[in-house]
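Could you work out the structure for the sequence below:
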Amino acid sequence: MSDPHPGRLPEKEDKRTFLQKVAEFIHPGPDSTEELIETLAEAEDNDVIGAESRVMLERVIRMADMTAGDVMVAAPRMDLVNIDAPFDELLYLVINTAHSRFPVYHGERENIIGILMAKDLLKLQRAPELNIRALLRPAVFVPESKGLNDLLREFRGNRNHLAIVIDEFGRVAGLVTIEDVLEQIVGEIEDEFDIPEDAGDIFALADRTYRVSGDTPIERVAESFEVTLQGSDAEEQFDTIGGLIAHEMGHVPKRGEQVELGGLHFVVLHTKGGAVRWFKVSRIEESQAGA
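Below is the predicted model:
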């Protein structure tokens, strides 16, 4: 006998028990992102999940509303490689930024022609006759509006770790890495220069110098060292010591660069995303005494 409703698909079997259905009727599930986050907080309060798990799950939920433009390194802070730069200049850039991948441009910085892997420079060192263009990997371009969930899926699918972000006019707006995306879930991925946020932004080292975070307010640095910190251009106003030092240098500071300001000697210890993460600071008289 034929099916009286050949176009009808079989209904999905509801495996919930009667008690489960009653419980869901009395206590319906969350209807919004904020309600879901509140539910996670309740689960933590009831010891169903731990604090770290709750924070990570909340970040995953919030990441659904974030885009590449929210986490990218802005174009002015990008470390780029000029295709016509000599090998020594390329090597200096790699060593002083500690990145593993670099966007490569030809002519203007907007003209990104590929991605250079730092490890591929070893091939140039062994065979100088090689054309650097032969070492370039294809550059991946994504719009600022690209959702982080989709971007992470693409990073995993095509095994790329870096993408160039393009604005609505087709211009380079910045770059985003897989680390930038993952940090939205697990928090900042620490390295040897990272310390807990509650450990302070200025702390003493054994050699009578100090490590100072680049985003430390200028007023705090001046008060801590009892100095006056003012740039060469009095009309320019800056909030952080990193911004002031970058202005005085006239470019994005690189690791190892030094500058003296307000009776203090600043050495760039570590940069990330085109900004100074840490300075090593000493008073000029002490720095000269130890030379």
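
Pull up the gap between Met72 and Glu42, please.
35 Å (CB to CB, to the nearest Å). In short, each C-beta sits where N, CA and C put it, glycine included.

Point out where the stretch 101-250 of the chain drops to low pLDDT.
Applying pLDDT under 70 to the stretch 101-250 of the chain picks out residues 187-200, 206, 231-236.

Which residue ranges of it form helices?
Listed in chain order, the helices of the stretch 101-250 of the chain (DSSP state H, counting those that start in this stretch) span 121-126, 148-158, 178-186, 218-225, 241-249.

Between Met72 and Glu42, which has more neighbouring residues?
Met72 (23 against 11; other CB atoms under 10 Å).

Could I get the contacting residues of the nearest residue to that one once chain neighbours are set aside?
With CB to CB, 6 or more residues apart in numbering as the criterion, Met72 has its nearest non-adjacent residue at 3.7 Å, and that residue is Gly174. Contacts for Gly174 (CB atoms under 8 Å, 6 or more residues apart in numbering) come out as 69, 72-75, 77-78, 164-165.

Where do the strands of the stretch 151-291 of the chain begin and end?
162-166, 172-177, 202-204, 210-213, 258-261, 264-272, 275-283 (DSSP state E, counting those that start in this stretch).

For Tyr92, find the nearest of those.
Judged by CB to CB, the one of these that comes nearest to Tyr92 is strand 264-272, at 13.6 Å.

Can you give the distance from the closest one to the centre of its chain?
19 Å (CA atoms, centre = their mean, to the nearest Å).

Let's have the helices of the stretch 101-250 of the chain in CSV, adding distance to Trp278 and mean neighbour count.
Output for the helices of the stretch 101-250 of the chain, formatted as CSV (distance: least, CB to CB, whole Å; neighbours: other CB atoms under 10 Å):
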stretch, distance to Trp278, mean neighbour count
helix 121-126, 26, 13
helix 148-158, 27, 15
helix 178-186, 18, 16
helix 218-225, 13, 16
helix 241-249, 10, 20
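
Which one of those helices lies nearest to Thr97?
helix 121-126 (12.7 Å).

how far is the closest one from where the chain is centred?
Taking mean C-alpha positions (CA atoms, centre = their mean), helix 121-126 and its chain are 28 Å apart.

contact partners of that helix?
Outside helix 121-126, the residues touching it (CB under 8 Å, 6+ apart) are 87, 90-91, 94, 130, 132, 135.

Any quick ChimeraX command for the buried ones out of those residues?
A single ChimeraX command selects the buried members of those (16 or more other CB atoms under 10 Å):
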select :90,94,132,135
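
how about the contacts of helix 121-126, which pair is most distant?
Val94 and Leu130 (16.2 Å).

for Ser224, what are its contacts?
Contacts of Ser224 (CB under 8 Å, 6+ apart): Ile202.

measure it to Gly262 for me?
12 Å.

Include distance to Arg255 when you put the helices of the stretch 101-250 of the chain into a markdown table, please.
Shown next, in a markdown table, are those (distance: least, CB to CB, whole Å):
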| stretch | distance to Arg255 |
| --- | --- |
| helix 121-126 | 17 |
| helix 148-158 | 27 |
| helix 178-186 | 18 |
| helix 218-225 | 20 |
| helix 241-249 | 13 |
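
Out of those, which gets nearest to Ile83?
Taking those one by one with CB to CB, helix 121-126 is closest: 12.5 Å.

which ones are touching Arg156?
Per CB under 8 Å, 6+ apart, neighbours of Arg156: none.

Could you measure from the closest residue to Phe155 other than its chain neighbours over to Val94?
Distances taken as CB to CB, 6+ apart place Ile178 nearest to Phe155, at 4.5 Å, with adjacent residues excluded. Distance, Ile178 to Val94, using CB to CB: 19 Å.
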